[in-house]
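A.B. asks: Sequence and predicted model, in that order:
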Amino acid sequence: MISETVVELSRWQFAITAILHFLFIPLTLGLALLLALMESAFVLTGHSVYKAMAHLWGRLFAINFTLAITTRLLVVCQFGMNGSYFSHYVGDVFALPLAIEALTSFFLAAVLFGPYWFGWERLGRYQHLIVTWVIVLAVNASTYWILLANGWMQNPVAASFNYQSYRIELTDFAAFLSNPATIEIYLHTVAASYVTAAATLMGISAFWLLKKQDDELASKSFKLAAVVGMLAIVITVGLGDDTPYLNNSVQQAKRAAIHGQGNQNLLPDIETRIRSGIKAYVLLQDLRDDNKDPQLLAEFDQHKANLGYAWLLTPWHKDIIDAKDKQIALAALSALPAYPTLLFWVYRLMIACGLVSLALFTLAAWHSVINKPLSIWLLRWSVYLVPLPWLACIAGWFVAEAGKQPWAVAGVLPTFWGVSSLTGSQLLVSSIGYIIAYSALLVAGGYLMRQTILDRGLNKVGVR
Amino acid sequence: MTFDLESLRLIWWALLGLVMVGFVLCEGLTLGVCLLLPMIGKSESQRLTLISSIVPTSMGNLAWFVVMLTLVFAAWPIAYAVTMASVYPLLLLVLLAILLRPLAMYFQHASNQPFWQQYSAKVLVVGGVVPATLLGLLAGNMLKGIPFHLDSDMRIRFLGDFAGLFNLFSILAAACSVALLALHGAVFIQLKTNGELQQNAKALTLQAGVAFLLLFAVAGLWIMHLEGYHIDSDILPDAASNPLAKFVKRGEGLWLDNYEHLPLLWALPVLAFMGGLAAILFAKWDKTYFAMIASSLCVSMVVLTFGVSMFPFLLPSNISLNSSMTIWDSSASHMTLQSLLWVAVFALPMMVISTRWVFCLFAKGNHGREMVWGGD
């Protein structure tokens, strides 16, 4: 059994690298769309302020996009480095959407970044506009594929355990593509990203407007962001994410936690599954001793869906086979979310942030549509409330992921069972490496963004 | 277009080879140019010209790396898991070096503060030297075998240590990789610049080229006596993936087995050598376009030589021979390989065409001007 320190360090290291990648996604997704709208307005009307907008906001996009792509490289490797057993055990299913995304939309967005960013003079207006829109489509498609992998971890459909290769394998590609969990998550996540980007853009524009009232670029940006953000937040709040209402026992536990209901009633079912998992484990040992009895195989097939529940026992009882009632009860208890109260409040925090943002966007959009002068207090609050959608995104991510613990893949693979057999010191050293590199990256990125926001004119340095 | 598992494994091995060639060809340019920065870029404006030669294509180049890694993950999940987990510290250094690079590259002149320019200058050189060296070191270790063991439940244990990765043969491979990428980068700089920079690059092309040819020849001779690996039991190319179901033997010169069975394969290392030689000569005669083609040929053939020598192994274990990963017993399932193939049939040509298009778009002229904040 892998030591608890290693499990905890691995878990934290993965969570941190994942969230630092996740941090750059909302702005990339949302800004891409806003930039495409600005550029379209420029191409259609020929009004130079739209071009200036596209250039200026393009800088923030470029910084974010660069960070999103580089941190993505790290997350891909983290699956293998940090969770090598996870990679083996579910890689056959989990890596498929990642590979499809890398081959198609990820590659397209990355390769077109050069023409987008450096090609203003080399490409015609319409060509450049096409490049921009292809990037928008690509980043949105990317999100779908990533959420397909993510949704599968929430609701692992279309896959089953193969005793010969000792892992979960894909059984139905079409069913995998249409996982209801993904469809639930997708619109909610994408719309929330648009909200976040719109709120950020609106806040920065408001900051400029507070400094200089008749700033045309800033007021046009403010109005565009207000309208797009308004539409997006209606979708975000209206649709919600119904994954917790899916009919699987892990989601039921999450649902109970966020609604503050007791979850003890789930224990008998979990215990039954653990017993069935033990049965599957015993049969698995027989099968692996080259027993080709078809009856044995049929019996294994009956129980194998619960094999993951047998792994839950390992911290309480090393040999799964002869676990006692007491250990099964302990394991069952460990299958419920560890901090239901925390989930309850974080869920409410997300909703509160969403509702306050809704109110702000309603006001801002109203002022923009009827072309009313923007009052000082509205501008001020637009600046103050920029962190809210960000907070909501992180809270939503936390509820979805922490609500699934102890599972990495719901009902299939516990998180502690998926980590690599690394040593504590290896993890400690690598974590320090990450902290240093990420700090450098964040400081550099933050510095560049700050430059862009504070000194809009400071673009004519270097060889110009 | 449906194939049986055996064909799919073979097809995906070939496709991975192609993607790897694409990766080294493209990302090799970024690495090569960054690697040469301290040697060629004497003044600040020369450095800017050098960096701007690679900047517009660099994000796409990096994307080839991501695609390659993800394809290994999807098509050979356990081989991916073993590689990543076993050489964890090595890869971590590579990744951290690459991680810091793009921001410094794109925004080198976003600010006129001296500290920012110093920071980005350092980051770029490290981002070239570290990956070029360590990826070569990794290739050397893959040929030698990596000390990992698979338990019966497929849990991976790495039984070596970090220092063990720095053995003599692998250091040779690392030197070979640095020389190759320096050659590739120098030819590229020669193609994209003129005047003093071009002359500096030309001199470096000759040096790096000769160094590469020597190192490649030494590595070739060494491999004849290096312990290679061979599957000693019947191969079941259609069976479910389980690396533990075979017997592997190790012996001197076994990496040459494939060449004995199919002598035509000797063309690969020979073409690599000739490509390198031609790159040097064309560069000397100032036929830079042909030098670029020759150096690309050389790079591709080196990658293919590496892959073909190891076939059917992906990652041999030198401590628990039977745990070794081969393309037959560590692949993804039939359905996954087949589904991914449908995507790849469209995606791979798209990748090649779009990469080519971006390189052509930025083929002419100096983008130093556009580089400063997207040229508004």
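C.D. replies: On my side now, so go ahead. Residues are numbered from 1 along each chain as shown, chains lettered A, B, ... in the order given.
A.B. asks: Low-confidence regions, the stretch 251-400 of chain A specifically.
C.D. replies: Applying pLDDT under 70 to the stretch 251-400 of chain A flags residues A:291.
A.B. asks: For chain B, what's its nearest residue on the stretch 201-350 of chain A.
C.D. replies: Relative to chain B, the nearest point of the stretch 201-350 of chain A is A:R288 (7.4 Å; Cβ to the nearest Cβ). The way it works is simple: take the backbone N, C-alpha and C, and place the C-beta from them, glycine included.
A.B. asks: That residue and A:N162: what is the separation?
C.D. replies: Using Cβ to Cβ, to the nearest Å, one gets 12 Å for the distance from A:R288 to A:N162.
A.B. asks: hmm, back to that, quick one, what contacts the residue of the stretch 201-350 of chain A closest to chain B?
C.D. replies: Remark: with contacts taken as Cβ atoms under 8 Å, 6 or more residues apart in numbering or on different chains, A:R288 is in contact with A:163, B:152.
A.B. asks: swap in A:E169?
C.D. replies: A:E169 makes contact with A:92-93, A:159-162, B:332-333, B:335-336 under the criterion Cβ under 8 Å, 6+ apart.
A.B. asks: give me the low-pLDDT residue ranges for chain B?
C.D. replies: Filtered on pLDDT under 70, chain B yields the residue ranges B:109-112, B:365-376.
A.B. asks: so where do the strands sit in it?
C.D. replies: Counting by DSSP state E, chain B has these strands, from start to end: B:148-150, B:156-158, B:227-231, B:248-252, B:313-315, B:325-326.
A.B. asks: where's A:L363 relative to chain B, distance?
C.D. replies: Distance, A:L363 to chain B, using Cβ to the nearest Cβ, to the nearest Å: 32 Å.
A.B. asks: Which positions in the stretch 151-300 of chain B make contact with chain A?
C.D. replies: With Cβ under 8 Å from any Cβ of the partner chain as the criterion, the stretch 151-300 of chain B meets chain A at residues B:152-158, B:239-242.
A.B. asks: Pick out the residue in the stretch 151-300 of chain A sitting closest to chain B.
C.D. replies: A:Q164 (3.7 Å).
A.B. asks: quick one, phi psi at that residue?
C.D. replies: Note on A:Q164: its backbone torsions stand at phi -70, psi -40 [degrees, to the nearest 10].
A.B. asks: same deal with A:E169?
C.D. replies: Main-chain dihedrals, A:E169, degrees, to the nearest 10: phi -120, psi 150.
A.B. asks: what's the closest non-adjacent residue to it?
C.D. replies: The shortest distance from A:E169 to any non-neighbouring residue, by Cβ to Cβ, 6 or more residues apart in numbering or on different chains, is to B:S333 (4.2 Å).
A.B. asks: Does the one you found touch B:S241 like I think?
C.D. replies: Yes. Between B:S333 and B:S241 there is a contact at 7.4 Å, judged by Cβ atoms under 8 Å.
A.B. asks: hey, what's in contact with both of these two?
C.D. replies: Any residue near both B:S333 and B:S241 by Cβ under 8 Å, 6+ apart counts here, and that gives A:S165.
A.B. asks: More neighbours: these two, which one.
C.D. replies: Between B:S333 and B:S241, counting by other Cβ atoms under 10 Å in any protein chain shown, B:S241 is the more crowded of the two (30 against 24).
A.B. asks: Alongside chain B, which residues does the stretch 151-300 of chain A contribute?
C.D. replies: That would be A:162, A:164-167, A:169-173, A:288, which are the residues of the stretch 151-300 of chain A within reach of chain B (Cβ under 8 Å from any Cβ).
A.B. asks: which one of those residues has the most neighbours?
C.D. replies: Each of these was scored by neighbours using other Cβ under 10 Å; the highest score is A:R167's, at 26 neighbours.
A.B. asks: hmm, back to that, quick one, what contacts the residue of the stretch 151-300 of chain A closest to chain B?
C.D. replies: A:Q164 makes contact with B:239-242 under the criterion Cβ under 8 Å, 6+ apart.
A.B. asks: quick one: the helices in the stretch 1-150 of chain B?
C.D. replies: If you assign secondary structure with DSSP state H, counting those that start in this stretch, the helices in the stretch 1-150 of chain B sit at B:5-40, B:44-75, B:77-86, B:88-106, B:114-144.
A.B. asks: Can you spell out which helices and strands pack onto the shortest one?
C.D. replies: Contacting helix B:77-86 under the criterion 3 or more Cβ pairs under 8 Å, 6 or more residues apart in numbering or on different chains; DSSP states H and E are the following elements: helix A:48-82, helix A:84-101, helix B:44-75, strand B:148-150, strand B:156-158, strand B:313-315, strand B:325-326.
A.B. asks: quick one, which of those is nearest to A:L313?
C.D. replies: The closest of these to A:L313 is helix A:84-101. By Cβ to Cβ, the value is 16.5 Å.
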